[in-house]
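[1] pasting the structure only:
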């Protein structure tokens, strides 16, 4: 028998052998194999969940259903994934529609604001200043409402930043980015434990990004320096090392999946990122010593002093 389950740590849907499941079907043994081919063989052959007499680590899962054959289980997994993606797309469309409706409502409110009449008499000054205060108050209320809607939308649908700089509160015990092959070998050993792998998946998934390209770029920039990345390609052709065979690559897939990046898109973007490393290294000397093209320039508004600033606005009408 074979079961379709979802890993709670990564939200990835997988097929496992039924004899790997705990009696309550809330956990599953997990093989320590790096290669996807070895993992698939282990599932198909329903291997005993141990290596050298030592039981495999257990992962928390959500059980869906069981099938008699491996082929039927894979087909069921495919159908459930497609259904989940359709639901996610529908939910995303719904959220965007709600946001667009809210923005439209705010625009209508701005359009209905009374026009500011030109003032030519001194006794109109107080009336005009009061009108400006009312407009300022309405703008502040609407801005706060729009910020809340945008935050609610981005928290549930996309990360709040597309840059590769993680939130300062997001921490990991790993020394990233990796700079040498020795660093790679060290992290590969550490990722053999379920706890370290779970922590790394959570950390990388919080780096943010809009869409598959941005998500993978942020993760890869955090994981590898370009000087080390140029030593890898996906399959290890030529004198390069195979990135696809690393446990770290599985962790990146799991982290990207948390950002709604499916496996095939994740792998395609990793391949592109590795293939463009030489271009990034050529551009690097030109970008040193100045403001790079990816550094956003943020202009922070200064708080309005009611009487002073409104007096300045008044001068614009009377000059």
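    Right, received. Where do you want to start? Given the structure is predicted, the values throughout are model-derived calculations rather than measurements. Residues are numbered from 1 along each chain as shown.
[2] okay, and the helix or strand of this structure with the least pLDDT?
    Across the helices and strands of the chain, mean confidence by mean pLDDT, DSSP states H and E is lowest for helix 306-318: a mean of 54.
[3] Would you state the strands of the protein in chain order?
    2-7, 13-17, 27-30, 50-51, 54-55, 57-67, 232-233, 241-242 (DSSP state E).
[4] in the stretch 201-319 of the chain, what spans have low per-residue confidence?
    285-319 (pLDDT under 70).
[5] Helices of that one, start to end?
    211-223, 226-229, 247-258, 263-275, 277-287, 306-318 (DSSP state H, counting those that start in this stretch).
[6] could you redo these as CSV and give each row mean neighbour count and distance to residue 140?
    In this view, the C-beta of every residue, glycine as well, is placed from N, C-alpha and C. Converted to CSV, these look like this (neighbours: other CB atoms under 10 Å; distance: least, CB to CB, whole Å):
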stretch, mean neighbour count, distance to residue 140
helix 211-223, 22, 32
helix 226-229, 18, 45
helix 247-258, 22, 36
helix 263-275, 17, 41
helix 277-287, 12, 39
helix 306-318, 12, 11
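[7] Quick one: closest of those helices to residue 125.
    helix 306-318 (6.2 Å; CB to CB).
[8] Apart from its neighbours in sequence, what residue is nearest residue 259?
    Spatial nearest neighbour of residue 259, excluding adjacent residues (CB to CB, 6 or more residues apart in numbering): residue 215 at 4.7 Å.
[9] can you tell me which residues contact the one you found?
    Listed by CB atoms under 8 Å, 6 or more residues apart in numbering, the contact partners of residue 215 are 207-209, 256, 259, 261, 269.
[10] Between which two of the residues you listed is the distance greatest?
    208 and 269 (14.8 Å).
[11] how is this protein carved up into domains?
    Segmentation of the chain into domains, based on automatic domain parsing, reads 2-78, 84-157, 181-287.
[12] Turn the helices of the stretch 201-319 of the chain into JSON lines, including distance to residue 67.
    Formatted as JSON lines, these follow (distance: least, CB to CB, whole Å):
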{"stretch": "helix 211-223", "distance to residue 67": "30"}
{"stretch": "helix 226-229", "distance to residue 67": "40"}
{"stretch": "helix 247-258", "distance to residue 67": "23"}
{"stretch": "helix 263-275", "distance to residue 67": "21"}
{"stretch": "helix 277-287", "distance to residue 67": "42"}
{"stretch": "helix 306-318", "distance to residue 67": "69"}
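[13] Tell me which of those sits nearest to residue 20.
    Across the helices of the stretch 201-319 of the chain, closest to residue 20 is helix 247-258 (CB to CB), at 17.3 Å.
[14] Show me what the closest one is packed against.
    Packed against helix 247-258 by the contact rule (3 or more CB pairs under 8 Å, 6 or more residues apart in numbering; DSSP states H and E) you find helix 181-190, helix 194-205, helix 211-223, helix 263-275.
[15] Using JSON lines, lay out the ones you listed together with distance to residue 281.
    JSON lines is the format used below for those (distance: least, CB to CB, whole Å):
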{"stretch": "helix 181-190", "distance to residue 281": "18"}
{"stretch": "helix 194-205", "distance to residue 281": "23"}
{"stretch": "helix 211-223", "distance to residue 281": "13"}
{"stretch": "helix 263-275", "distance to residue 281": "12"}
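[16] Nearest approach to residue 14 belongs to which of those?
    Comparing these by CB to CB, helix 263-275 comes nearest, at 10.8 Å.
[17] Which elements pack onto that closest one?
    Going by 3+ CB pairs under 8 Å, 6+ apart, helix 263-275 lies up against helix 211-223, strand 232-233, helix 247-258.
[18] mind listing what residue 270 touches?
    For residue 270, the contacting residues are 216, 220, 234, 243, 249, 252, by CB under 8 Å, 6+ apart.
[19] Now for the fourth one: which residues touch it?
    In other words, residue 243. Here residue 243 is in contact with 232-234, 236, 249, 270, 274 (CB under 8 Å, 6+ apart).
[20] at 7 Å what do you get?
    Contacts for residue 243 (CB atoms under 7 Å, 6 or more residues apart in numbering) come out as 232-234, 249, 270, 274.
[21] Identify the residue nearest it in space, chain neighbours excluded?
    residue 232 (4.3 Å).
[22] and the nearest residue to residue 65 once chain neighbours are set aside, what are its bridge partners?
    Nearest non-adjacent residue to residue 65, counting by CB to CB, 6+ apart: residue 4, 5.7 Å away. Beta bridges link residue 4 to residue 15, residue 65, judged by DSSP bridges.
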